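In: let's see this in three dimensions:
(one chain, ligands or ions: 1)
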Amino acid sequence: MFVQRCINCESEFGLDERMYVCSRCGDLLDIERSEPLGQSVEDLRSLWLERLKSREARDRSGVWRFRELLPFGPEDAIVSLGEGNTPLYDAPRSADYCGITSLKLKHQGNNPTGSFKDTGMTVAVTQALKLGMRLVACASTGNTAASLAAYAARARMLCAILVPEGQVSDAKLAQALDYGAKVLEIEGNFDVCMRVIQELAEQSSLYLVNSINPFRIEGQKTVAFELAEQLEWQVPDHLVVPGGNLGNSSALGKGFRELFSHGFTRKQPRISVIQAEDAAPFARFFSGNGEGEFINESHPRTLATAIKIGAPVSWRKAWRAVRETGGQVITVSEQEIADAKAMIGRDGVGCEPASATTVAGIRKLVSDGAIGKDESVVAVLTGHVLKDTDYVIKYHNQTLVTEHGERIRGTFANSIMRVAARPCAIENALKGLS
Ligand code: F0G
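Out: Numbers count the residues shown, from 1 in each chain. As a prediction, the model looks like this:
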């Protein structure tokens, strides 16, 4: 019922062929349904809702609940940690900050390992199990590593992770270590790790689960289904996501495309991707109207280490999502990211730095007139606030410094006060509270 199909030459391959790119032309693969759905939109909508009441792991997972749109059968054993079903928050302070009437935040940081990667990993590791793989591997800026380590542990598989030395937050490394993965620090950035692991995957029997693997994208696309359901199947005018390796924007594009083509929704949201100013090859490509070659950034720099990526593997798929939906790709500065992050925190939500590019980007798109004041906007927050506490503390005590040595202003800084252990001292300290 499903095949792997090259996005360029349209060659088709079976689902059980372990491959990451087209063996004919080398381009990316998508998983596509080869037959019609077979169930009505109404029946599926109510079936998916009904499953929320079930106690079965397969029904409770926010990914597998939508299994009619996934390339597996009932006979396949799944590897799940209860991923998905994440909240969609109203964020009035952030909306105000952006200059729009309302803003919703889809918080993918509320996944089992604290990032959106879990929705893709449950599917990729399930496929690894189906293929009988013993060793799974990835290159990572930290979240993919934490996620893969957890799912591999659940599946009792061996797990190897390549990370750029000194560029991954302690919280993410701690997760991968606790889940028992072999963590290999590589001299070089994420792009170097990615290149090496791709070379190795071609020669050896390890299973690569970076988002170049189309099964990862299948899992991550379900966020579109969940979001549409949360909005009573009215999709927002704009969906805004951070861009690093560009798997997430590709997956959301695919998810909304499928919903639209099956008749679940009447339109697709405009998908806009936000990058950090000095790690922005996709934004550069976009500003050149996608003409000419895609030029990688050889020295990507940003304190939002999750998206410190200069050679995104999925850019072609992400380009399709942006172009098809009429979205934008823009950059935001380190200062804008830091302030937007603090503002999201004031809504009681919180997120990691990479996720805050969204709110910073929306603010810019509103001021440029690309987003109207009363349009409906959803930002996808990709990681939990506790993923990078070092950054948070430094912002609030005003010691956050960019890689170029520029100090970030603590526009919304909230510093810790030292107070004597006396009630009157505490009372005094609280006088300034507003
Ligand atoms: N936000 C967070 C928190 C991430 O961890 C990542 C990617 C992104 C956004 C960008 O998503 O790559 O799909 O465009 N992190 C990867 C990792 C690269 O290894 O954890 P993307």
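In: report the strands that pair with the helix or strand harbouring residue 137, each with its relative direction.
Out: Secondary structure from DSSP states H and E places residue 137 in strand 135-139. Paired strands of strand 135-139, with direction, are strand 158-164 (parallel), strand 207-208 (parallel) (DSSP bridges).
In: for the shortest one, give the mean pLDDT please.
Out: By that I understand strand 207-208. On average, the pLDDT along strand 207-208 is 98.
In: from the contact counts, what lies against the helix or strand just after that strand?
Out: Where DSSP H and E defines the elements, the next helix or strand beyond strand 207-208 is helix 214-230. Here helix 214-230 touches strand 29-33, helix 41-50, strand 104-107, helix 117-130, helix 247-262, going by 3 or more CB pairs under 8 Å, 6 or more residues apart in numbering; DSSP states H and E. Using the backbone N, CA and C atoms, a C-beta is placed for each residue, glycine as well.
In: buried residues, the strand holding residue 137. List them.
Out: Neighbour counts over strand 135-139 (16 or more other CB atoms under 10 Å) mark 136-139 as buried.
In: what about the ligand: which of those residues touch it?
Out: Contacts with the ligand are made by none of those, judged by CB under 6 Å from any ligand atom.
In: contact partners for residue 384?
Out: Taking CB atoms under 8 Å, 6 or more residues apart in numbering as the contact definition, residue 384 lies against 109-110, 114-115, 350-352.
In: that one and the ligand: what is the separation?
Out: Distance, residue 384 to the ligand, using CB to the nearest ligand atom, to the nearest Å: 9 Å.
In: for residue 333, see how far away that residue is.
Out: 23 Å (CB to CB, to the nearest Å).
In: same question, residue 63
Out: Counting by CB to CB, the separation of residue 63 from residue 333 is 35 Å.
In: pick out whichever of the two has more residues nearby.
Out: Taking other CB atoms under 10 Å, residue 63 and residue 333 do not tie; residue 63 has more neighbours (30 against 17).
In: and the pLDDT for the more buried one?
Out: Residue 63 carries a pLDDT score of 98 in this model.
In: quick one, what contacts it?
Out: Contact partners of residue 63, counting by CB under 8 Å, 6+ apart, are 70, 80, 83-84, 119, 122-123, 219, 222.
In: one more time with 7 Å
Out: Applying CB atoms under 7 Å, 6 or more residues apart in numbering, we find residue 63 in contact with 83-84, 119, 122-123, 219, 222.
In: which members of those residues are the farthest-apart pair?
Out: The two members of the contacts of residue 63 with the most space between them (CB to CB) are 84 and 123, at 10.9 Å.
In: neighbour-wise, which of the two wins?
Out: Between residue 84 and residue 123, counted using other CB under 10 Å, the more crowded position is residue 123 (31 against 25).
In: all strands of the chain, in order?
Out: Along the chain, the segments classed as strands by DSSP state E run 2-6, 12-13, 29-33, 88-90, 104-107, 135-139, 158-164, 182-186, 207-208, 238-242, 270-276, 329-332, 377-381.
In: which parts of the stretch 1-150 of the chain sit against the ligand?
Out: Proximity of the stretch 1-150 of the chain to the ligand is confined to 115, 117, 140-144 under the rule CB under 6 Å from any ligand atom.
In: rerun that using 5 Å as the cut-off
Out: Residues of the stretch 1-150 of the chain lying near the ligand by CB under 5 Å from any ligand atom: 140-141, 143-144.
In: top of those by neighbour count?
Out: For these, the largest number of neighbours (other CB under 10 Å) sits with residue 143, at 32 neighbours.
In: pLDDT score for the closest residue to that one other than its chain neighbours?
Out: Excluding the flanking residues, the one nearest residue 143 by CB to CB, 6 or more residues apart in numbering is residue 115, at 4.0 Å. At residue 115, the pLDDT value in this model is 98.
In: and residue 115, bridged to which residues?
Out: Per DSSP bridges, the residues bridged to residue 115 are residue 383.
In: what's the burial count for the closest residue to residue 153 other than its chain neighbours?
Out: Excluding the flanking residues, the one nearest residue 153 by CB to CB, 6+ apart is residue 179, at 4.6 Å. Per other CB under 10 Å, the neighbour tally for residue 179 reads 20.
In: for residue 248, same thing?
Out: When neighbours are counted by other CB under 10 Å, residue 248 comes out with 29.
In: residues contacting the closest residue to residue 347 other than its chain neighbours?
Out: In space, and not counting its chain neighbours, residue 347 is closest to residue 91: 4.3 Å by CB to CB, 6+ apart. Counting by CB under 7 Å, 6+ apart, residue 91 touches 103-105, 344, 347, 349.
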